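> Got a predicted model here, sequence first, then my questions.
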Amino acid sequence: MPGEAAQLPLLTQFLQQFWATAGLPAAGLNSFELALEEIFMNVAMHAVQGGSVPRVELSLARAGDSVTLAVEDDGPQFDPLSLAAPDVAASLGDRPIGGLGVFLVRQLMDAVSYHRVGACNRLSMSKRIGVG
Amino acid sequence: MFDIQLGAAGEVVMAGRLDATQCDTALKFLDVVAEPHVIDLARLDYVASAGLRVFLLTQKRARGLGGGLKLINVNQQIYDIFRYAGFDRIIDIARGPRATGE
């Protein structure tokens, strides 16, 4: 899958299909949709700045009541978890326009990890979704 | 699907998914609303950080005009996203009638 912003709806559909096929509770889907959007859009944005479109691979796995979403791209090495947390207590005038995405992912997921695997960035996110 | 329009009382009504691919549409619409005030989110299902940016920019513009935004009928999931981002400190946000649980 090319790492371009326009591909986001297709990736979201893939996630929704996985969710429905696995019979997972609807309440847990939103967090994963958000995590997917934030991480994929980060990759796509960096690609625009870098001038080349990376390949992005998405994988989803369920183990018991936990779901893991992994996003892998072959772009330049970048660990989004190295970004400083935004100041969510700042006043309106002091709010920067961006920087919230990765912060929200950390809030919504139980575990988030970054690994450089060969020539790829791999961001892995998992969360328990409350099924037996 | 994402939809944005003006309601009968001059409020802005958003519905569907405000994801990163829809933010330009939303901002273009809001930019031509002379004095954005009430935005009804009763039928908004999804927002992420790109969507938050739409509300932040619109709030900055509204404050610049001497007013401010009021988001109404916000569902619990979307309210949580606003709260995590600390937007409940900078925008007036009212939850929907069905979202009363803590």
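Perfect, thanks for sending it.

> Could you use CA atoms for every contact and neighbour count after this?
Will do.

> burial count for residue A:117?
Residue A:117 has 12 neighbouring residues, counting by other Cα atoms under 10 Å in any protein chain shown.

> Which phi and psi values does it adopt?
For residue A:117, the backbone dihedrals are phi -120, psi 110 (criterion: degrees, to the nearest 10).

> and it, what are its bridge partners?
residue A:120 (DSSP bridges).

> Quick check: it vs residue A:77, distance?
Here the criterion is Cα to Cα, to the nearest Å. By it, residue A:117 lies 10 Å from residue A:77.

> Same question for residue A:115.
10 Å.

> which neighbours do the two share?
Residues touching both residue A:115 and residue A:77 (Cα atoms under 8 Å, 6 or more residues apart in numbering or on different chains) are residue A:121.

> Show the secondary-structure elements that the helix or strand hosting residue B:40 is packed against.
Applying DSSP states H and E as the criterion places residue B:40 in strand B:38-47. On a contact count with 3 or more Cα pairs under 8 Å, 6 or more residues apart in numbering or on different chains; DSSP states H and E, strand B:38-47 meets strand B:12-18, strand B:70-74, helix B:76-84.

> I figured residue A:112 hits residue A:124, correct?
Yes: the pair residue A:112 / residue A:124 is scored as a contact, 5.7 Å apart, by Cα atoms under 8 Å.

> would you list the helices and strands packed on strand B:38-47 in JSON lines and tack on mean pLDDT, mean neighbour count and distance to chain A?
Formatted as JSON lines, those follow (pLDDT from 0 to 100; neighbours: other Cα atoms under 10 Å in any protein chain shown; distance: least, Cα to the nearest Cα, whole Å):
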{"stretch": "strand B:12-18", "mean pLDDT": "98", "mean neighbour count": "20", "distance to chain A": "10"}
{"stretch": "strand B:70-74", "mean pLDDT": "97", "mean neighbour count": "20", "distance to chain A": "14"}
{"stretch": "helix B:76-84", "mean pLDDT": "96", "mean neighbour count": "18", "distance to chain A": "7"}
